[in-house]
Every structure is written in C-alpha cells, then in structure tokens.
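>>> take a look and give me a structure for this.
(2 chains)
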Amino acid sequence: TQLLEQSPQFLSIQEGENLTVYCNSSSVFSSLQWYRQEPGEGPVLLVTVVTGGEVKKLKRLTFQFGDARKDSSLHITAAQPGDTGLYLCARRISGTYKYIFGTGTRLKVLA
Amino acid sequence: DTEVTQTPKHLVMGMTNKKSLKCEQHMGHRAMYWYKQKAKKPPELMFVYSYEKLSINESVPSRFSPECPNSSLLNLHLHALQPEDSALYLCASSQGPTGNVQETQYFGPGTRLLVL
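Numbers count the residues shown, from 1 in each chain, chains lettered A, B, ... in the order given. Predicted coordinates:
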C-alpha cells in the first residue's frame, strides 16, 4: 500500500506544551513533504526531507525522516496559538506526478 | 518567489451556471495540478498537466474541464455542477522532472466554491 497514515488525527493542547505528529507508511519513499494548512487557505510547505535519518529544524519545529525512509515525525516545542492548523505529510509516487497525502493531523493550541 | 495565485478567492454558482477558476505561477514550473478538498480532509487530486499536456485525470466527471493555455496558466472550467461539488479547489505547481527527489509541490490559496 502507498497510504500515509498520520497520528494523532486531532490534538488540542495548551500554549507552551510540546507535541509530536507522526507520518507512517509501509512503503519506502524517496522524499517527504510537510505542510501546514489554515482553514480556507492552501497548504503551505514547511519542509522537504530526502535522506534517511535526516533532521531539519524550522524555528520551534523539528522534522525527522526515518532511517528506513518509511516514516517521518514533526515535533513542535513550546506550541503557540499560531501553530494551530491542519498538518499534512505528502509524498510523490516515484516516476509520476502523483502525490499522496497523509490523513492529516488537526492541531489546536489554546492560549 | 514560490507563489501560486488563484482567482477568484470565493465563488457562488447555480447548477446551470458556467464559471472558470484560474491559476498562475511564474516559477518556471512545468507541472500544474488541480485538487479538490472537502472540509477536514486532505486534498484529492483531480488533474495534472505536465509540459502543458494533460498527464493525469483521476476519473473526474466531465462537468469539470481543465485547460492549460501555457506553462504559467491553468484553468478549470465548471459547468452544470452539483451541490456536492462545493469544496475548496486548490491549484499547485512543481518543478517538473519526475526523477528529481527534491520535487516539491507549492500550493495556491484556493478558491472556495459553493454550488447552490
């Protein structure tokens, strides 16, 4: 299967807490994108990870690509209300223009 | 510049109307996409154009008709839509060569469509 499963599906936390979102697949993929989407807006690219074991940081967000390139995680430190949104992972099917999206994680950070 | 623009931002149409959604990018990308997104769901692929030719049609009903006039523009023509077609329609673009592992999609802000 080429599905991308994200967990948790929904997360409601207080400002200042830490959280981790997971994106898992049974297939190996060559790269993976993470997006954040606010209601009524298009997804905004956060990062692309390519190398197994790779770690990328974007301010309070840390992205990790699994060693076997079958999974990825997004960790947010000291969450803020501005982090609220739908977080989506996505991968391209090799040799095609077709992208598969994860099931999504809806994050709400309360002030 | 990684901007993809879409117009209009909002659209309300009746089931007998004909309307068009427009998308534009000036990043030199050679692949352009239309997605449909329902509330609280991930985007669903509708069409892909690569090098201005239709590459993928995900069995979309013929009341949706895509058009790629040139490498920077993508249109979606709408005719005789149903209320269940109400959704956020997203355009995206990517560099184009499928062999590039860094290949990444960039999305526009979307058009929120309501069919009455």
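
>>> show the end-to-end separation of stretch B:37-49, please.
19 Å (C-alpha to C-alpha, to the nearest Å).

>>> and the contacts of that stretch?
A:43, A:86, A:88, A:97-99, A:101-104, A:106, B:31-36, B:54-58, B:60, B:64, B:66, B:68, B:74, B:76, B:87-90, B:110 (C-beta atoms under 8 Å, 6 or more residues apart in numbering or on different chains). Every C-beta, even on glycine, is put in place using the N, C-alpha and C of the backbone.

>>> any idea what A:Leu19 is bridged to?
A:Ile76 (DSSP bridges).

>>> correct me, but it touches A:Ala78?
No: A:Leu19 lies out of contact with A:Ala78 (C-beta atoms under 8 Å); the separation is 10.1 Å.

>>> which of the two has more neighbours?
Shown here are A:Leu19 and A:Ala78; by other C-beta atoms under 10 Å in any protein chain shown, A:Leu19 has more neighbours (17 against 10).

>>> A:Ser7 - how many residues pack around it?
A:Ser7 has 13 nearby residues by other C-beta under 10 Å.

>>> so what sits opposite it in the bridge?
A:Tyr22.

>>> and it, what does it touch?
With contacts defined as C-beta under 8 Å, 6+ apart, A:Ser7 is in contact with A:Val21, A:Tyr22, A:Asn24, A:Thr105.

>>> among these, which pair sits farthest apart?
A:Asn24 and A:Thr105 (12.0 Å; C-beta to C-beta).
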